[in-house]
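>>> Below are the sequence and a predicted model; questions follow.
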Amino acid sequence: MMGRTIFIDPGRCIGCQACVSACRECDSHRGKSMIHLDYTDEGSSVASLPTVCMHCEDPVAPCAEVCPADAILVTADGVVQQADTTRCIGCANCVNACPFGVPKIDLQAKLQMKCNLCYDRTAYGLAPMCATVCPTGALYYGTLEELQAERPGVQVADTFVFGESEVRTGVAMVVPAERVQWPVPGGLPVVEINGKDVRR
Amino acid sequence: MTADPRAADGRTVVPLDPSLAPPGTRGFRDAGGIPADRWHADQNGETLVPTHCCFCGVQCGMYLRVDHGGKVFGVEPRNHDINRMRLCPKGINAYQQVNHPDRLTAPLMRRSRDEELREVSWDEALDFTVSEIERIQQAHGRDAFGVLGGASLFSEKTYLVGKFARVALKTRHVDYNGRLCMVSAAGANKLAFNIDRAGNPFSDILLTDCLLLAGANVGECFPVLTQYVWGARDRGATLIVIDPRETAVARTADIHVALKSGTDSAFFNSVLNVVVEEGLTDEAYLAAHATGWEEVKANVAQYPPSRAAGICGVPAEQIVQVARAFARAPKAMAFHARGIEHHTQGVENCLSVINLCTATGHIGKPGAGYGTLTGQGNGQGGREHGQKADLLPGGRSILNEEHRRQICEVWGIEESELPAAGTSMMEMVWQMQRREIRGLIGICNNPFVSLPNYAVVKEGYDTTEFHAQFDFFLSETAANAHVVFPVTIWAEDEGVMANAEARVVKHNKAQEPPAGVRTDTWVMCEIARRLGAGDKFAFGGSRDVFDELRRASAGTVIDYSGITYERLEETGGISWPCPSTDHPGTPRLFEDGTTYHADGRIHMQVVEWHPPADPYDDEHPMTLTTGRTVAHFLSGNQTRRLGALVEQTPRPWAEVHPSHGFRNGEPVRVVTRRGSEVFPALVTEAIRPDTVFIPYHWPVPTAANALTIDALDPRSKIPEYKVCACRIEHAAAIDEVPAPPVAPGHVAYPETQVSRTDPLPPTAPQGRGTSERS
């Protein structure tokens, strides 16, 4: 994970969507939120999960790797930037490549939209909008050491497994301390590709 | 701070100065010190105006972003020590009200309700209002005209509402919408402590070992307080939540007691019973600081867990578990909100919590204490300075000769001129039905959505001969009035509010009001002047009123005399009592165990549980309870117009347990003895099977308050919103949410209303997930 990054703790999330509203306030994409907020346990509990760009480190940025226009650039600090508007062709390859379902296409502008960790704010020592306003600390911005100092015993994970692929990310998740699984299952295994059963 | 006793058992101890910093964002800076053009993509020559949120009783600090043209256009987190830059979705979107197209910018008027409202000049609206006041008062007496204020007003304006009613209109009938909010807690605080405010600052939560939240949906109604809850838990505190629903804070709580609504006092009596049985009381504290303990102890003996478990519908073991966790904790705190206050025994419910805190000695210490979480921004300040039917500024009683004399001196009137005590807000509506009150001025409230039993409320207002309303958006209530005065929104005037800690904070003016809009202060003073009381209302603005308020509160318990605007800006807020300008304020009460009663003791009160007012029968076997959702605020007149919040939660729903056989989104008719309405079902296991929940922010035909009962607590006169008998049925189609009313010739800002007609319930009580939106 990156040095100073976002930690996501779904256990603390109250589903209030302050992050979604705050993301809309960013000057570079006013009125459009890059955050995904899902109620993951519908019908059973009020549990919720905010998702920001995980800023994949290894393999580095699958979204950037598949971009035919080389529009998605990765800065030296590990932040996977939003597709450069002068290059992006709105093809949605990145949407399909992202293991976490993060990038979206603005259909009107025909451009990709994605969290860039509030680069305009972090570059000036401000925290990203979502983590700044999050009322519970479910989105936390800082270093692992700072997180551990504030939350004794906290466990985080930055490696997720999708079928046979592992992805190590720049953004980390807080995982239940008493049952740490490593790496964290990132999603369902791939079952079918183009109508062909790929299960073994 | 002193060494933490938990350190001995080897657990990590987090060093922290809780008087300053809840954890989380330390180490960042806020944008206050950085010129905006250094970091904003939008280089607009903007400025940041430090102020606070207009919504709930937490009163988070925020900056309003003001463009080079002097208009508010955004929000920026502010590192104020209440909220440490955190904001909830309401707070983030609050600024969008300021230059909203639905704003009223000219007075509206009609001579009878058959006509449409039309825009008129200020003179015409004021002339008509004054002539109607004079006509009604001459024909039917002074008390035939009433005033209803609100607790989202700055304290200066709440002070002025009381003075305006009593000095300009000379009527006894003045009350306010805090009557629907936390008056039960106020009544209990006065009885037990003789001071009406929470005992501890929020930062004490970080020091506690056990936090009990009763009837407080903190995650949705006070989201930013959640950081204190987690701050305490990170240090090992136990969290107990008492709520019929598994709310966001209840979901992860150590103990969640999902009791039946309307049984709180039986539960807390039983908890105290266990505390006594197991010898966990703090007898030394009781002997030194309390009265009435023997009577309370004898009374709770009748509430063994076996009995209370039956009343409350919870396992008896859970009652024992709560008692042990709370009483054995070295430091424990209890907070409650509307969940236990909105009952015909609201005062008693609060008293039963106070009894528990007192008996265990958890009062007036760092990390130990008791408080209510006020719902409205100025829920605390709004009840302090005389807009309540029986109170005068400084929390003085209008029935007390000495208090009356003191206030008459400040106001420069004869004591014979000062009216007697009035009646509560709901009672005033009943008097309007009976034509005892024939004229009304409403300021900062929306009873058509917020009062219970809408049919009665509508009839009461329709019966009045004259009704004027002050607001910045046309509320459902204002749309029914004869005259509507367009007034400023919070960002267009300055003033103070007192949050749930009784900390007085300063709101600053960020922009000039639109042309045609006046401050509430100006309108009240102008009507007073036209009624011949101009010399008593020569106020240029909030600052002048605040100076008089400080004088009027001097020497009382609620002493503001040492608080000045300058000091508030320097300190970020001062808790009253603050008797002199070098006094630091009083964040924590009862530190030496002394209360504000003459004997200095906590007066414990015997509480007997009784069933709710609306009886259950075969036709109405279930419980209807109401409450809030995170994206909306009170009557929704503000938040139902903000696009992001409408998109998050477009409409109300009926939350039901899967055992009733409804599918999610299916129309469900909720029937009470007052009426019936059809909502989409939100089917979830996170609610008791015998309970239905409806959020109350919407007007008829989707108003929870068309179904609730107008039964009042005999002492606090709070309506029993939180429990009435109901049944649910299958229905053909859901009732549609109406658009918010707007001035004649306008349509409700269409871009904000796109999601309003979504027929589905939200994904969860907190709203629709981002993937469920189009």
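Okay, I see it. The structure presented is a predicted model; accordingly, all values stated were derived computationally and were not measured. Numbering: from 1, shown residues only, chains lettered A, B, ... in the order given.
>>> Now B:Thr594. Nearest residue, chain neighbours left out?
B:Gly600 (4.2 Å; C-beta to C-beta, 6 or more residues apart in numbering or on different chains). C-beta: built from backbone N, CA, C; applies to glycine.
>>> wait, isn't that neighbour in contact with B:Phe590?
No. Using C-beta atoms under 8 Å, B:Gly600 makes no contact with B:Phe590, being 9.6 Å away.
>>> So between these two, which is more surrounded?
Shown here are B:Gly600 and B:Phe590; by other C-beta atoms under 10 Å in any protein chain shown, B:Phe590 has more neighbours (20 against 14).
>>> ok, and the closest non-adjacent residue to the more buried one?
Leaving out its chain neighbours, the residue that sits closest to B:Phe590 by C-beta to C-beta, 6+ apart is B:Gly364, at 3.0 Å.
>>> Tell me, how many residues neighbour that neighbour?
Neighbour tally, B:Gly364, other C-beta under 10 Å: 23.
>>> do A:Cys56 as well
27.
>>> likewise the one 10 residues further on?
A:Val66 is surrounded by 15 other residues when neighbours are defined as other C-beta under 10 Å.
>>> How about the backbone phi and psi for it?
phi -90, psi 0 (degrees, to the nearest 10).
>>> Touching, it and A:Pro99? I think so.
No. The pair A:Val66 / A:Pro99 is not scored as a contact, 11.8 Å apart, by C-beta under 8 Å.
>>> Pull up the per-residue confidence for the closest residue to B:Gly74 other than its chain neighbours.
The shortest distance from B:Gly74 to any non-neighbouring residue, by C-beta to C-beta, 6+ apart, is to B:Arg65 (3.6 Å). With respect to pLDDT, B:Arg65 scores 92.
>>> tell me which element B:Arg65 falls in.
Element membership of B:Arg65, judged by DSSP states H and E, is strand B:61-66.
>>> strands paired with that strand, and their directions?
strand B:47-52 (antiparallel), strand B:72-77 (antiparallel) (DSSP bridges).
>>> Name the stretch among these that sits most buried.
Across those, averaging neighbours per residue (mean count of other C-beta atoms under 10 Å in any protein chain shown) puts strand B:72-77 on top, at a mean of 23.
>>> which other residues reach whichever helix or strand comes after that strand?
Later in the chain than strand B:72-77, the nearest helix or strand by DSSP H and E is helix B:89-93. Residues outside helix B:89-93 that contact it (C-beta atoms under 8 Å, 6 or more residues apart in numbering or on different chains) are A:16-18, A:20-22, A:25, A:133, B:53, B:55-56, B:60, B:62, B:75, B:223-224, B:630-633, B:639, B:642, B:644-645, B:648.
>>> Pull up the pairing partners for the following helix or strand past helix B:89-93, direction included.
Downstream of helix B:89-93, the next assigned helix or strand under DSSP H and E is strand B:108-109. Here strand B:108-109 has these sheet partners by DSSP bridges: strand B:118-119 (antiparallel), strand B:483-486 (antiparallel).
>>> Would you tell me which one of the ones you listed is buried the most?
The stretch of the strands paired with strand B:108-109 with the highest mean neighbour count (mean count of other C-beta under 10 Å) is strand B:483-486, at a mean of 27.
>>> who touches that strand?
B:103-109, B:117, B:125, B:128-129, B:466-472, B:474, B:478, B:516-518, B:523.
>>> what about stretch B:678-685 and chain A, touching?
Yes. For stretch B:678-685 and chain A, the contact criterion (C-beta under 8 Å from any C-beta of the partner chain) is met by B:683-685.
>>> which of the residues you listed count as buried?
Burial by neighbour count, 16 or more other C-beta atoms under 10 Å in any protein chain shown: within the residues of stretch B:678-685 next to chain A this picks out B:683-684.
>>> Restricted to helices, list the residues of stretch B:678-685 next to chain A.
Among the residues of stretch B:678-685 next to chain A, DSSP state H puts none in helices.
>>> Kindly reformat the residues of stretch B:678-685 next to chain A as CSV and extend each row with pLDDT and distance to B:Leu206.
CSV is the format used below for those (pLDDT from 0 to 100; distance: C-beta to C-beta, whole Å):
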residue, pLDDT, distance to B:Leu206
B:Val683, 97, 37
B:Thr684, 97, 32
B:Glu685, 97, 32
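>>> out of the residues of stretch B:678-685 next to chain A, which are inside strands?
B:Val683 (DSSP state E).
>>> ok, the one residue sitting closest to the centre of chain A to chain B distance?
In chain A, the centroid-proximal residue (C-alpha atoms, centre = their mean) is A:Cys53; its distance is 2.4 Å. A:Cys53 sits 14 Å away from chain B, going by C-beta to the nearest C-beta, to the nearest Å.
>>> Quick one: residues contacting B:His730.
Per C-beta under 8 Å, 6+ apart, neighbours of B:His730: B:662, B:666-669.
>>> ok, what's across the strand from it?
B:Val668.
>>> Show me what from the stretch 501-650 of chain B comes close to chain A.
Residues of the stretch 501-650 of chain B lying near chain A (C-beta under 8 Å from any C-beta): B:630-631, B:644, B:648.
>>> hmm, which two among those residues are most spread apart?
B:Val630 and B:Ala644 (12.1 Å; C-beta to C-beta).
>>> what comes up buried for the longest helix along chain B?
Looking across chain B with DSSP H, the single longest helix is helix B:122-140. Residues of helix B:122-140 classed as buried by neighbour count (16+ other C-beta under 10 Å): B:122, B:125-126, B:128-130, B:132-133, B:136-137, B:140.
>>> Stretch A:68-83 too?
In stretch A:68-83, counting by 16+ other C-beta under 10 Å, buried: A:71-74, A:78-83.
>>> which residues are contacting that stretch?
Contacts of stretch A:68-83 (C-beta under 8 Å, 6+ apart): A:2-3, A:53, A:55-57, A:60-61, A:63-64, A:67, A:84, A:87-89, A:91, A:93-94, A:103, A:111-117, A:119, A:122, A:170.
>>> Looks to me like the residue nearest to B:Thr594 is in a strand.
No. B:Gly600: not assigned to a strand; according to DSSP: H, G, I helix; E, B strand; the rest coil it is coil.
>>> tell me the contacts of it?
B:289, B:593-594.
>>> same thing with B:Ala334?
Applying C-beta under 8 Å, 6+ apart, the residues near B:Ala334 are B:212-214, B:326, B:353, B:356-357, B:362, B:369-371.
>>> what are the bridge partners for it, then?
B:Leu212, B:Tyr370.
>>> how near is it to B:Leu212?
With distances taken as C-beta to C-beta, to the nearest Å, B:Ala334 is found 4 Å from B:Leu212.
>>> any idea which helix or strand comes after the helix or strand hosting B:Val678?
Assigned by DSSP H and E, B:Val678 falls within strand B:675-683. Following strand B:675-683 in sequence order, the next helix or strand is strand B:691-695 (DSSP H and E).
>>> and the contacts of strand B:483-486, which are buried?
B:103-104, B:106-109, B:117, B:125, B:128-129, B:466-472, B:474, B:478, B:517-518, B:523.
>>> Pull the longest strand anywhere in chain A out as PDB, backbone CA atoms only.
Of all segments of type strand in chain A, defined using DSSP E, the longest is strand A:165-175. Output of strand A:165-175 as PDB, limited to C-alpha atoms (Å, rounded to 0.1, in the frame of the first residue of the first chain):
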ATOM      1  CA  SER A 165      -5.200 -13.600  -9.900                       C
ATOM      2  CA  GLU A 166      -3.900 -11.600  -7.000                       C
ATOM      3  CA  VAL A 167      -4.000  -7.800  -6.900                       C
ATOM      4  CA  ARG A 168      -2.100  -5.700  -4.400                       C
ATOM      5  CA  THR A 169      -3.500  -2.300  -4.000                       C
ATOM      6  CA  GLY A 170      -2.500   1.200  -2.900                       C
ATOM      7  CA  VAL A 171      -5.700   1.600  -0.900                       C
ATOM      8  CA  ALA A 172      -6.200  -0.800   2.000                       C
ATOM      9  CA  MET A 173      -9.200  -2.400   3.700                       C
ATOM     10  CA  VAL A 174      -9.700  -2.900   7.400                       C
ATOM     11  CA  VAL A 175     -10.500  -6.600   7.900                       C
END
